[in-house]
Every structure is written in C-alpha cells, then in structure tokens.
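Trainee: after the sequence you'll find the predicted model.
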Amino acid sequence: MTARLASLPMYLANRPAVAALWELLRHSLTSAGLQRLPTALTWPDVYHTHWLDPNLLISQTCGYPFTDDLAGKVQLLGAFAYDAPQCSGIACRSVLVARAEHGHLGLEGFRGLRAAFNAPNSQSGYNAFRALVAPLATNGRFFAAAFETGGHSESVDAVREGRADLAAIDCFTYAALARYTPLATQGLRVVATTEDYPGLPLITAKDTSAAEITLLQSALRALLTSAEAAPTLQALNIVGFETPQTSIYQRCVDMRESAQSLGYPLLA
C-alpha cells in the first residue's frame, strides 16, 4: 500500500529540526491509529505538483497560492504560531531588508532601485510586498527592476551581494536565517514591514477524511504541550498551533486586489 506524503518545506534553514518534528508527529499519529505514514519527509522540487498530490497527508503552503491556484483543491489543517519579531499568534508580516548603506531610507527612498522576490505566487515575498509598494507607484512602476530569485534565502543573498537593493522576507524565515546562518544577514537592515497577514497554512489533500483531519489536528496540538517536543519546537520558533477558518486567508486576496485597484498588478 502506497504511503502518504508529508512535507514541511518552509523550514529550509534547519532541516534536522524539521525531520525531528516529523518523527515526533509520526509517532503520535501512529499511536492514534493513522496508517500509511511515511518514514521520512518529502522535500519537493516542484511545490505545486506536490501540494496537489492526492496522497498528500500534510504539507505547508503559502497564503497566496492557498487562496489562488490551490483554492478548493486542498483542505486547511491549521497554522503554527511563531516566536519571532513581527509575528503575533498566527499573524505575521514580511520584513523589508536592505544593505546597511540604505538602512536610513524609508520605502520612498527605494524608488528607482532594484527589488528581488522569491516567487510571484508568494504571499510574503511578493503579494504583501506589492500591496505595500502600490500606493507609491507611478504608471505601474516603482523599482528600476524586480526579479525572481527562487527562494527567500536567495533574495537575501541578492541584496547582500548588491544584485538587488530591497527584498521582502517573511518574519520567521528571516529570524531563522539570522539564527542559523548569521553570515547570510550580515550587513543587512530591516527598513520597513508589510501589513500583517495570516501565516503559512498547513494543508492536506482534498480527499483526506474528516476523521484523519481530526487526528492530525489533535496530534499537532499535542506537540505544543509535549516536553519531548519542546526543544524541537524551540529550534523552529514554533509556540502555538491554531485551526482558523479558511476565510481568514481572504486577507491575501484583498492585498492583491488592493494593488490591482491602484494600477499596480505586478511588482515592478
């Protein structure tokens, strides 16, 4: 019988801690009677295909694709809360990072400079960034150039190395980079933050049963009160788990529509 798929792909800064988290969760789910559990996490190369796999048991996506091309095709399990600057419960913001030489500038001061973003379907690196910049844009432009890097750490590298001047990074990813790879953020400054939005949705396949969802949510809640899990959660800055209604992610759609209404459909 084919094993289900499990991934937590948004924690690239500390993969060993993610693997440990899954082992704890897998043990809890096995004890609860859930079957076909994978022994190890998947680290997908193509997120969208992975998220839509009918065998998906648990993964983590971004709020923007969750409300866009994944809408109605996956189910929401909940979201973690993080202990990091600019995080409050499951709500978070993106931090805008620049080199120290630009650390004194407000957002307006980056007009005509270069922006980097991880992907155009990212809530933290693109959608929230676009919504923040939109009121300052003229004829659909604010930056001299905006280019895709493929990941948050790559966007940080682009700014630090001088290939870009500004990037938006979700608050817990930036905190993890500063904690585990401090050289990556050396010489960088947080110059602004976006408006808040709900954090990364934990998802499962559309056909996952209600009983399985209940088991998954119970196991995730139990992690937060487990003394055994405490060091792993602390390593990942996880301090809570909530099960909000899907409708809270309308916030991501509102950000997109706000930018579009101001004549700024693309980060540019």
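Mentor: Noted; the coordinates are in hand. Numbers count the residues shown, from 1 in each chain.
Trainee: return the distance of whichever helix in the chain runs longest from the chain's centre.
Mentor: Longest helix of the chain, by residue count under DSSP state H: helix 15-31. Its chain's C-alpha centre and that of helix 15-31 lie 20 Å apart, by Cα atoms, centre = their mean, to the nearest Å.
Trainee: please list the residues outside it that contact it.
Mentor: Helix 15-31 is contacted from outside by 6, 8, 11, 37-41, 43, 58, 215-216, 219-220, 222-223, 226, 228-229, 232-233, 235-236, using Cβ atoms under 8 Å, 6 or more residues apart in numbering. C-beta coordinates here come from the backbone N, C-alpha and C atoms, glycine included.
Trainee: so for it, what's the average pLDDT?
Mentor: Averaged across helix 15-31, pLDDT comes to 93.
Trainee: in it, what counts as buried?
Mentor: If you call a residue buried by 16 or more other Cβ atoms under 10 Å, then helix 15-31 has these buried ones: 17-18, 20-22, 24-26, 28-29.
Trainee: tell me which of the residues you listed is nearest to F147?
Mentor: Each of the buried residues of helix 15-31 was scored against F147 by Cβ to Cβ, and V18 proved nearest at 28.4 Å.
Trainee: so that closest one versus L8, what's the distance?
Mentor: Separation of V18 from L8 (Cβ to Cβ, to the nearest Å): 5 Å.
Trainee: list the residues that contact both of the two?
Mentor: L41.
Trainee: please, where are all the helices along the stretch 101-250 of the chain?
Mentor: Assigned by DSSP state H, counting those that start in this stretch, the stretch 101-250 of the chain shows helices spanning 128-133, 152-160, 171-180, 182-185, 210-223, 230-235, 250-261.
Trainee: nearest to L267, of the ones you listed?
Mentor: helix 128-133 (4.7 Å).
Trainee: need the longest strand for this protein.
Mentor: Assignment by DSSP state E gives strand 74-82 as the longest strand of the chain.
Trainee: quick one: that strand to helix 171-180, angle?
Mentor: Between the axes of strand 74-82 and helix 171-180, defined by axes from the mean of the first three to the mean of the last three Cα atoms, to 10 degrees, the angle is 50 degrees.
Trainee: gap between strand 74-82 and the chain center?
Mentor: Offset of strand 74-82 from its chain centre (Cα atoms, centre = their mean): 11 Å.
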